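Undergrad: sequence and predicted structure, then a few things I'm wondering about:
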Amino acid sequence: MSSKRIHPRPDQIAELTRGHVLPLEAISALYMQIIAECLNQEWLALLHTYSGQLPSDEVEISSLMCSRLNNLDDPLWRTLVASVVRDHAVPSYDGSHLKKSPDLSIHLTRRHASFRLELECKVIDHPKRKTIDLYAKQGLARFLKGEYAWATREAFMLAYVWDGSVIADRLTPFLKRHQQSGSDPYHTDQPPTAVNDRTNLALSTHARNFAYPQQDPSSPGPIAIWHLWLAGKAARAS
């Protein structure tokens, strides 16, 4: 269901951000990598548990991931993460939308509950028209125009990959092509750069094209997007 559109309401944002300076301090790269490793680990566990039966729909998969993560008893994860929720309603940067809903939101133990680490999830399956274009237009772009993660300096794009795509072959050329076009809708400062060899994890940075309504300086600065692509198996439920 789409969010109800209203006129900008800076009072909503003023109350939400009272006592906070935006954007919030960045989460350390080490913590982000630990979170990514845990996400990958639990994805592999789901593939093993539901071999050949894992749904291909992103909503159903994200629901399974949420439940799995909230039952994760890894001590390092528990040190960093208080809870994970699905479709947690958040306002847009100016209060003009009050019920934006990133697919997954991670409440970090050392961060105020109002400002969660947000994850947007997309299926990548080009034969079924789940394309990199949709990943960018209906996922990545939401972080750049102040719908999601507008108070923070980082977020996750999580892909469930059914067609064998990898970041280096699909996402990186896509963003570089737009970056070099002269009118880049994704405002890419740094194209995706691989983070390690263990997971299909890459980091890109993007300028954001909005301004905080009641703060000086008003610029949110760039956002770091951590792209984690989780490879699925060919055999699955449709």
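TA: That came through fine.

Undergrad: what comes up buried for the longest helix belonging to the chain?
TA: Counting residues, the longest helix found in the chain (DSSP state H) is helix 29-49. For helix 29-49, a neighbour-count test (16 or more other C-beta atoms under 10 Å) marks 31-40, 42-43, 46-47 as buried. Bear in mind the C-beta positions are built from the backbone N, C-alpha and C, glycine included.

Undergrad: same deal with stretch 89-105?
TA: 90-97, 100-105.

Undergrad: out of these, which one has the lowest pLDDT?
TA: Lowest pLDDT within the buried residues of stretch 89-105 is found at H97 (77).

Undergrad: partner residues bridging it?
TA: H97 has these beta-bridge partners by DSSP bridges: R5.

Undergrad: does it touch G146 like I think?
TA: No: in this structure, H97 is not within contact of G146 by C-beta atoms under 8 Å, at 9.5 Å.

Undergrad: before we move on, back to that, restricting to C-alpha, output the longest helix of the chain in CSV.
TA: Taking Å, rounded to 0.1, in the frame of the first residue of the first chain, the C-alpha atoms of helix 29-49 are listed here in CSV:
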residue,chain,number,x,y,z
ALA,A,29,33.0,-0.3,8.3
LEU,A,30,34.0,-3.3,10.6
TYR,A,31,30.5,-3.4,12.1
MET,A,32,28.9,-3.2,8.7
GLN,A,33,31.0,-6.1,7.4
ILE,A,34,30.1,-8.2,10.5
ILE,A,35,26.4,-7.5,9.8
ALA,A,36,26.9,-8.4,6.2
GLU,A,37,28.7,-11.7,7.1
CYS,A,38,25.8,-12.6,9.4
LEU,A,39,23.2,-11.9,6.7
ASN,A,40,25.1,-14.1,4.3
GLN,A,41,25.5,-16.8,6.9
GLU,A,42,21.8,-16.9,7.7
TRP,A,43,20.9,-16.8,3.9
LEU,A,44,23.1,-19.9,3.4
ALA,A,45,21.3,-21.6,6.4
LEU,A,46,17.9,-20.8,4.8
LEU,A,47,19.1,-22.3,1.5
HIS,A,48,20.2,-25.4,3.3
THR,A,49,17.0,-25.7,5.5
